[in-house]
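# with the input below, show me the fold.
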Amino acid sequence: MTRRSVTHATFAIERVYRAAPERVFAAWADPDAKTRWFSGDDGEWMEEIRDFDFRAGGRERVKGRWRSGKVTDFQACYHDIVPGNRIVYSYDMYVDGVHFSVSLTTVELEPDGAGTRLTFTEQGVFFDGSDDGSIREQGSRILLDRLGREVEAATVEA
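Numbers count the residues shown, from 1 in each chain. Modelled structure (predicted):
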């Protein structure tokens, strides 16, 4: 018999970006912008599916294959969206077709001088020893760094 377990983990990450809250929010809401920063590493990951319906009740799916052959499948539902201020979504993560985790994520945006303070909070349930939350937190930090490059580059160009 397979031993089944769950691990709960919560983490919060703060970032300050040199871009207005509206610009940071737009990088979450615009499908082209989100595709640029919310994906696997170039050359290491190939996108197979991307669906994006950014509205309360809308769904997002991003599935791709890593060079190693591992397949990741992010399937989200948006619950609450306040333009320029807040995004709340839940998502299931599958790895190689196995249900890896379920998470609730809150993204809060606040003015910080001429920029934006983003607070990203995730509450996760990880199945059968798949993660203790540390791998997810590391991946989220990488994505938020990429988001920063996206919004700050766009601010320079504007």
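# so what does the top helix by length along the chain touch, helix or strand wise?
The longest helix of the chain (DSSP state H) is helix 134-157. Using 3 or more Cβ pairs under 8 Å, 6 or more residues apart in numbering; DSSP states H and E as the contact test, the elements touching helix 134-157 are strand 6-17, helix 21-29, helix 31-37, strand 115-127. (Glycine included, C-beta is placed from N, CA and C.)
# remind me what the second one packs against, helices and strands.
If you count contacts as 3+ Cβ pairs under 8 Å, 6+ apart, helix 21-29 packs onto helix 31-37, strand 98-112, strand 115-127, helix 134-157.
# deepest of these, which one?
Greatest average neighbour count among those goes to strand 115-127 (a mean of 19), per mean count of other Cβ atoms under 10 Å.
# could you give the angle of that strand to helix 21-29?
30 degrees (axes from the mean of the first three to the mean of the last three Cα atoms, to 10 degrees).
# then strand 115-127 to PDB, C-alphas only?
The C-alpha coordinates for strand 115-127 follow below in PDB (Å, rounded to 0.1, in the frame of the first residue of the first chain):
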ATOM      1  CA  GLY A 115       7.000  52.300  -7.800                       C
ATOM      2  CA  THR A 116       5.100  49.300  -6.500                       C
ATOM      3  CA  ARG A 117       5.400  47.000  -3.500                       C
ATOM      4  CA  LEU A 118       4.200  43.600  -4.400                       C
ATOM      5  CA  THR A 119       3.300  41.000  -1.700                       C
ATOM      6  CA  PHE A 120       2.900  37.500  -3.000                       C
ATOM      7  CA  THR A 121       1.500  35.000  -0.500                       C
ATOM      8  CA  GLU A 122       1.000  31.400  -1.200                       C
ATOM      9  CA  GLN A 123      -0.700  28.700   1.000                       C
ATOM     10  CA  GLY A 124       0.100  25.300  -0.400                       C
ATOM     11  CA  VAL A 125      -0.800  21.700   0.200                       C
ATOM     12  CA  PHE A 126       1.800  19.300  -1.200                       C
ATOM     13  CA  PHE A 127       1.000  15.700  -1.800                       C
END
